[in-house]
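Trainee: Just a sequence and a predicted model for now, questions to come.
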Amino acid sequence: DSGVTQTPKHLITATGQRVTLRCSPRSGDLSVYWYQQSLDQGLQFLIQYYNGEERAKGNILERFSAQQFPDLHSELNLSSLELGDSALYFCASSVRAGNTEAFFGQGTRLTVV
Amino acid sequence: AQKVTQAQTEISVVEKEDVTLDCVYETRDTTYYLFWYKQPPSGELVFLIRRNSFDEQNEISGRYSWNFQKSTSSFNFTITASQVVDSAVYFCALELVGGSARQLTFGSGTQLTVLP
């Protein structure tokens, strides 16, 4: 158990809908990262937050947004969902904003039908 | 831009065989970190090792060992005396050092199947 908690574990929704994925980082970790794992794109970095502030942005679509709250948990919001958004979404956390290992949660498997 | 290549898509071995997973990376930076993660069938990503680009010493942890060669931009992972529980997808990843932002660039993964 990495100590990173993601909910829900599975999510099935229809095209055009909006969903929110939640992540609780390990105790003491200030940085949270979101990654998407899909069959065609592999594992891709989406976005990073550190202590509530956005620090880095990767291949995140405009339909997607994220935030990190004062209690350090993070949410990834996915809207206007398309079939191609079906993927495993990982959250990871680390103590510092960089140069340290990140520990991943178990992921949320999103299926868009 | 950086890139990580894991040319072996799938490897199948019989239990107790040794197996090496290849990882080749590209970056113009001289300072970076290399990682290996394991993704078992249950789906989670498990951290295995992080190696600084300045440290080319090989590392051994139980049945796992890693060979980092900067001259060939490779960071290979060997499992000795493989076991069925080693069956998983293994990812190699690269992170550039510096600044307060970070992102891991992952390879496409190698599916390892260890047969009893």
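Mentor: That came through fine. Residues are numbered from 1 along each chain as shown, chains lettered A, B, ... in the order given.

Trainee: can you pull the pLDDT of B:G98?
Mentor: Looking at B:G98, its pLDDT is 64.

Trainee: Please apply the same query to A:Q41.
Mentor: 87.

Trainee: Ok, A:A97 next?
Mentor: 67.

Trainee: cool, and B:S61?
Mentor: 88.

Trainee: ok, it - how many residues close by?
Mentor: Neighbour count for B:S61, taken as other Cβ atoms under 10 Å in any protein chain shown: 9. (C-beta placed from N, C-alpha, C; glycine too.)

Trainee: any weak-confidence spans in chain B?
Mentor: B:98-101 (pLDDT under 70).

Trainee: Let's see that with 80 instead.
Mentor: B:1, B:97-103 (pLDDT under 80).

Trainee: So A:N77, which state does it fall into?
Mentor: With DSSP: H, G, I helix; E, B strand; the rest coil as the basis, A:N77 sits in strand.

Trainee: got the residue ranges for the strands in the chain?
Mentor: Using chain A. A:5-7, A:10-13, A:19-24, A:31-38, A:42-50, A:53-57, A:64-68, A:74-78, A:87-94, A:103-104, A:108-112 (DSSP state E).

Trainee: Chain B is the one I meant
Mentor: B:3-5, B:10-14, B:19-21, B:24-26, B:32-39, B:46-52, B:59-61, B:64-69, B:74-79, B:88-96, B:105-106, B:110-115.

Trainee: Using a markdown table, lay out those together with distance to chain A.
Mentor: Listed next are those as a markdown table, based on distance: least, Cβ to the nearest Cβ, whole Å:
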| stretch | distance to chain A |
| --- | --- |
| strand B:3-5 | 10 |
| strand B:10-14 | 14 |
| strand B:19-21 | 16 |
| strand B:24-26 | 15 |
| strand B:32-39 | 7 |
| strand B:46-52 | 5 |
| strand B:59-61 | 14 |
| strand B:64-69 | 14 |
| strand B:74-79 | 15 |
| strand B:88-96 | 7 |
| strand B:105-106 | 4 |
| strand B:110-115 | 12 |
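
Trainee: With respect to A:T13, which of the ones you listed lies nearest?
Mentor: strand B:32-39 (24.1 Å; Cβ to Cβ).

Trainee: tell me the angle the closest one makes with strand B:46-52.
Mentor: 170 degrees (axes from the mean of the first three to the mean of the last three Cα atoms, to 10 degrees).

Trainee: how far off strand B:74-79 does strand B:32-39 point, in degrees?
Mentor: Using the same axes, to 10 degrees: strand B:32-39 against strand B:74-79 is 30 degrees.

Trainee: Just the C-alphas of strand B:32-39, formatted as PDB.
Mentor: Taking Å, rounded to 0.1, in the frame of the first residue of the first chain, the C-alpha atoms of strand B:32-39 are listed here in PDB:
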ATOM      1  CA  TYR B  32      18.200  13.500 -14.500                       C
ATOM      2  CA  TYR B  33      16.700  10.700 -12.600                       C
ATOM      3  CA  LEU B  34      15.800   7.200 -13.900                       C
ATOM      4  CA  PHE B  35      13.100   5.100 -12.500                       C
ATOM      5  CA  TRP B  36      11.600   1.600 -12.700                       C
ATOM      6  CA  TYR B  37       8.000   0.900 -11.800                       C
ATOM      7  CA  LYS B  38       6.100  -2.400 -11.700                       C
ATOM      8  CA  GLN B  39       2.400  -2.700 -12.600                       C
END
